[in-house]
Each structure stands twice: as C-alpha cells, then as structure tokens.
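Trainee: I'd like to go over a predicted model; first the sequence, then the structure.
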Amino acid sequence: MSGCDGLEERIALLRRRDRRYARNAYYFVLDALDYTIEHLGRHRQVGEARHVGGREVLEGARELAASQFGPMAHIVFERWGLTRTEDIGEVVFNLIDIGLLSRRPEDSRLDFTDGFDFGHVFEQSHRQRLASISDSDVLLD
C-alpha cells in the first residue's frame, strides 16, 4: 500500500466517524498546513521547531484559499462544511486523532475560535487583488 492509499483510507475512516466535513476539507487543511510551514520558513526545521499553532494555520488557510479560489473561497468552504474558523480546528484535531498530525500539550481547539469571517475576509482579499491588478494596468498604459 502506498502512502497516498494510507492517507485516503485514514480520511475515509475519519469521515465515517465524523460526517461534518467533506473529504476535500481534510486535504485542504493538510495543504494549508504545508503552505504555512513553507511560508514561515519552517520547512527546513524538524520536530518542535517545525510546529505551527492554530492561529498560524488559520492565516495560512486564509491565504491559500484566497489564492486558489478567489472570491469563491467562502462558497467552496461552505460546500466542504467549513463555515467558521472553529471548523478548521475540528478538522485539525480530527487529523491529530488519527495520527496524521501531532500536537503540543498547549494546542487547543480554542486556538481556532473567532479567527475571522470567511465571507468578509475572502471578499476583502479579492478586492485587494483586483485593486492591485487595476493599479498595475494604469502603470502599463
């Protein structure tokens, strides 16, 4: 069995236990964690030095979703069952429960509480991107 098959089987097991979140929500959170580790420069670290906290994961998830899905990010998240930042925390802790992620004793679901409003932050990110494109078009004229 390849590592990918093992991951797929573990996520299928998770979804049988907790149907709140789509399969893609789990893959996205794993991708967001990788993205966060890379952008914080921790990809060269090991063990505790590589660890990221809940707020960092939320920021990475926000950036990755905005870049991948643009203004549709909140709709994609809703389809996956991610309606609040607390849902990302639940996905993270589900992944911890099956051994795909590790945690420090101080890590808590509360780290994901009241992070940001998906609809607002993704709309704002999209507006900023459009403004920067418009500004660069003006410079090209």
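Mentor: That came through, no problem.
Trainee: what is the mean pLDDT for stretch 123-141?
Mentor: When the per-residue pLDDT values of stretch 123-141 are averaged, the result is 63.
Trainee: where along this structure do the helices fall?
Mentor: Assigned by DSSP state H, the chain shows helices spanning 3-17, 23-39, 54-69, 73-80, 85-97, 118-140.
Trainee: Nearest approach to Arg103 belongs to which of the ones you listed?
Mentor: helix 85-97 (5.1 Å; Cβ to Cβ). Where you see a C-beta, it was placed from the backbone N, CA and C, and this is true even at glycine.
Trainee: quick one on the thing from earlier: right, so of the helices of the chain, which gets closest to Arg109?
Mentor: When these are ranked by distance to Arg109, counting by Cβ to Cβ, first place goes to helix 85-97 at 4.8 Å.
Trainee: now the closest one and helix 73-80, what's the angle there?
Mentor: In this structure, helix 85-97 runs at an angle of 50 degrees to helix 73-80, with axes from the mean of the first three to the mean of the last three Cα atoms, to 10 degrees as the basis.
Trainee: Going by contacts, tell me the helices and strands next to helix 85-97.
Mentor: In this structure, helix 85-97 makes packing contacts with helix 3-17, helix 23-39, helix 54-69, judged by 3 or more Cβ pairs under 8 Å, 6 or more residues apart in numbering; DSSP states H and E.
Trainee: Just the CA atoms from the second one would do, formatted as CSV, please.
Mentor: I take that to be helix 23-39. Extracted C-alpha coordinates of helix 23-39, given in CSV (Å, rounded to 0.1, in the frame of the first residue of the first chain):
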residue,chain,number,x,y,z
ARG,A,23,-13.0,14.7,2.1
ASN,A,24,-11.6,17.8,0.3
ALA,A,25,-11.7,19.8,3.6
TYR,A,26,-9.2,17.4,5.1
TYR,A,27,-6.9,17.6,2.1
PHE,A,28,-7.2,21.3,2.0
VAL,A,29,-6.2,21.7,5.7
LEU,A,30,-3.2,19.4,5.1
ASP,A,31,-2.2,21.6,2.1
ALA,A,32,-2.8,24.7,4.2
LEU,A,33,-0.5,23.3,6.9
ASP,A,34,2.2,22.6,4.3
TYR,A,35,1.7,26.1,2.9
THR,A,36,2.0,27.7,6.3
ILE,A,37,5.1,25.7,7.2
GLU,A,38,6.7,26.7,3.9
HIS,A,39,5.8,30.4,4.2
